[in-house]
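[1] Next one to model:
(one chain, ligands or ions: 1)
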Amino acid sequence: MPAGVTIEFTHLTKRFGSGSGSVDAVSDLSFTVEPGQITGFLGPNGAGKTTTLRMLLGLVAPTSGTATFGGVSYRSLAHPLSTVGSALEAASFHPGRTAADHLRVYAQAAGLPRQRVGVVLEQVGLEQYGSRRVGGYSLGMRQRLGLASALLGDPSVLVLDEPINGLDPEGIRWIRLFLRQLAAEGRTILVSSHLLSEVQQSVDEVVIIAHGTLIHRGSLASLDMTETRQVIVDAPDRVALQLALTAAGYHFSSLRGGVIVENADAEAVGRTAFDAGVTLSSLSQKRTGLEDSFLALVGEEGAL
Ligand SMILES: Nc1ncnc2c1ncn2[C@@H]1O[C@H](COP(=O)(O)OP(=O)(O)OP(=O)(O)O)[C@@H](O)[C@H]1O
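    The predicted structure is shown next:
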């Protein structure tokens with residue numbers, strides 16, 4: 001496995017059609033994906049994720065801009081399968097063939113040693129099932145077989161389109177641990193999803209797009225908009241509490257269940273009440289969840 005390959009998208013743009021009927025599927029997209037971590041490529045359905053990945057893998061020509069692996073486009077890679085492994089959509093395997101046969105055909109076509117078949121079957125936990133026909137495979141087993149094909153060339157980069165879609169909880173747990181291990185080996189892992197909640201426990205970095213444009217790039221933690229954090233507080237003497245909060249310059253609203261203080265920190269609100277001699281009956285920090293932040297960024301479509 002060649003070490004440390006960075007994926008670079010530079011002003012990548014794709015327009016389908018021309019004139020008034022044209023669609024800007026991807027517009028001026030620029031970001032990098034670093035090795036050694038898992039990057040989630042997120043956006044609602046139709047945001048342009050698949051088109052971006054297809055351009056990265058040389059399957060669709062960009063209208064302008066570039067997508068490269070360490071500065072080299074997919075089509076110019078000297079050894080594409082040992083640089084990049086990909087699983088773009090639920091791969092269609094011939095139901096009458098065994099998993100091992102499928103992998104042997106791929107390996108032979110790519111000039112890879114036959115021994116890789118056994119290695120990747122074991123890597124994805126299918127070693128017991130290699131001689132079974134794929135027609136009898138569950139969706140989870142097919143996903144594993146897709147990963148096995150992507151890993152045949154022992155690639156430095158893995159590009160996976162919605163790999164968690166349709167998996168059961170056990171399959172999700174397995175793929176999380178598996179991708180984590182691959183990233184720890186120094187590989188570059190790019191995983192697309194239209195649901196943040198699906199990949200939240202798996203990714204280190206996020207790239208979020210909507211309508212083909214970049215709207216957020218950063219660590220998973222950077223999505224937590226702590227500046228919008230709220231404190232929910234209440235007191236038997238609510239009027240005294242409100243006077244104390246007003247005097248301290250807080251903005252708040254009163255609801256049946258308590259007072260919601262905007263842009264506040266629970267400790268500071270508690271101190272304000274204490275200094276004013278107000279006894280509290282409840283005090284808690286309400287953080288904006290990652291999913292809420294994601295939906296706020298992408299708009300209502302994210303709920304699809
Ligand atoms: N071959 C094509 N011809 C015309 N329009 C296309 C083509 N492929 C994609 N589009 C349009 O480009 C936009 C982005 O589609 P894309 O499939 O890349 O989004 P996506 O984020 O992957 O969504 P999904 O998760 O639903 O696949 C959509 O408006 C889609 O209709």
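[2] how far away is the nearest residue to E34 once chain neighbours are set aside from V203?
    Nearest residue to E34, sequence neighbours excluded (Cβ to Cβ, 6 or more residues apart in numbering): T6, at 5.8 Å. C-beta here means a position set from N, CA and C on the backbone, and glycine is covered the same way. Going from T6 to V203 by Cβ to Cβ, to the nearest Å gives 17 Å.
[3] cool, Y129 as well?
    Counting by Cβ to Cβ, the gap from Y129 to V203 is 29 Å.
[4] which residues does L190 bridge with?
    T39, V159 (DSSP bridges).
[5] wait, what's in contact with it?
    Shown in contact with L190 (Cβ atoms under 8 Å, 6 or more residues apart in numbering): 7, 33, 39, 41, 53, 157-160.
[6] Model confidence for it, exactly?
    If you check L190, the pLDDT there is 97.
[7] wait, isn't S282 in contact with R238?
    No: counting by Cβ atoms under 8 Å, S282 does not reach R238; the two are 11.3 Å apart.
[8] out of those two, which sits in the busier spot?
    R238 (15 against 11; other Cβ atoms under 10 Å).
[9] Phi, psi for the more buried one please.
    The phi/psi pair for R238 (degrees, to the nearest 10) reads phi -70, psi -30.
[10] ranges for the helices of the stretch 201-304 of the chain?
    Using DSSP state H, counting those that start in this stretch, the helices found in the stretch 201-304 of the chain span residues 238-247, 266-275, 290-298.
[11] got it, and the stretch 51-200 of the chain?
    80-83, 99-109, 115-123, 139-151, 169-184, 196-199.
[12] will you turn those helices into JSON lines that also has mean neighbour count, distance to F252 and mean pLDDT?
    Shown next, in JSON lines, are those (neighbours: other Cβ atoms under 10 Å; distance: least, Cβ to Cβ, whole Å; pLDDT from 0 to 100):
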{"stretch": "helix 80-83", "mean neighbour count": "20", "distance to F252": "55", "mean pLDDT": "90"}
{"stretch": "helix 99-109", "mean neighbour count": "18", "distance to F252": "60", "mean pLDDT": "92"}
{"stretch": "helix 115-123", "mean neighbour count": "18", "distance to F252": "55", "mean pLDDT": "95"}
{"stretch": "helix 139-151", "mean neighbour count": "22", "distance to F252": "48", "mean pLDDT": "89"}
{"stretch": "helix 169-184", "mean neighbour count": "15", "distance to F252": "40", "mean pLDDT": "89"}
{"stretch": "helix 196-199", "mean neighbour count": "20", "distance to F252": "29", "mean pLDDT": "79"}
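[13] Rebuild those as a markdown table, extending it with distance to L290.
    A markdown table is the format used below for these (distance: least, Cβ to Cβ, whole Å):
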| stretch | distance to L290 |
| --- | --- |
| helix 80-83 | 32 |
| helix 99-109 | 36 |
| helix 115-123 | 30 |
| helix 139-151 | 24 |
| helix 169-184 | 16 |
| helix 196-199 | 6 |
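[14] which bits of the chain sit near the ligand?
    For the chain, the residues found near the ligand under the criterion Cβ under 6 Å from any ligand atom are 16, 23, 25, 43, 45-51, 194.
[15] 8 Å instead, please
    14, 16-17, 23, 25-26, 43-54, 60, 161-162, 192, 194, 209, 212 (Cβ under 8 Å from any ligand atom).
[16] quick one, phi/psi of T279?
    Torsion angles, degrees, to the nearest 10, at T279: phi -80, psi 130.
[17] Next, count neighbours for it.
    Using other Cβ under 10 Å, T279 has 11 neighbouring residues.
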